[in-house]
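J.: What follows is a protein structure lacking sequence information:
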């Protein structure tokens with residue numbers, strides 16, 4: 001079964017431009033219904049799942065560069081876990097710094 005770009009955009013609550021951008025970055029791939037560049041894009045079930053994964057990872061704070069390198073999506077479980085734990089540590093450090101700054105500002 002194939003999905004149009006509009007169907008995916010509606011389902012995931014993103015713009016058509018977002019999906020096209022991901023396609024330009026090589027993160028998702030669409031096929032065309034004919035050889036003409038103006039033919040509609042059609043996304044496979046696999047590409048739909050990939051788009052869902054990209055959106056989830058970006059919500060968790062991963063950059064498109066990190067996602068595109070494959071270190072997240074195609075790495076073995078242990079590598080993914082290690083990377084996620086590293087990202088958690090980075091975010092916790094950021095939260096700690098923000099809390100310290102807030103405390104300083106509140107004491108002024």
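T.: Perfect, thanks for sending it. Note that the structure is a prediction, hence the values are computed from the model and not measured.
J.: hey, where'd the helices end up in this protein?
T.: Applying DSSP state H to the chain gives helices spanning 5-12, 16-24, 45-59, 64-68, 77-106.
J.: need those helices in a markdown table with mean neighbour count, mean pLDDT and distance to residue 38, can you?
T.: C-beta: built from backbone N, CA, C; applies to glycine. Formatted as a markdown table, the entries for these read as follows, by neighbours: other CB atoms under 10 Å; pLDDT from 0 to 100; distance: least, CB to CB, whole Å:
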| stretch | mean neighbour count | mean pLDDT | distance to residue 38 |
| --- | --- | --- | --- |
| helix 5-12 | 15 | 96 | 13 |
| helix 16-24 | 16 | 95 | 14 |
| helix 45-59 | 15 | 90 | 20 |
| helix 64-68 | 15 | 83 | 27 |
| helix 77-106 | 11 | 87 | 39 |
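J.: These: which one's closest to residue 37?
T.: helix 16-24 (12.9 Å; CB to CB).
J.: hang on, the earlier thing: mind putting the helices of the chain in TSV, distance to residue 37 included?
T.: Below are the helices of the chain laid out as TSV (distance: least, CB to CB, whole Å):
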stretch	distance to residue 37
helix 5-12	14
helix 16-24	13
helix 45-59	19
helix 64-68	24
helix 77-106	36
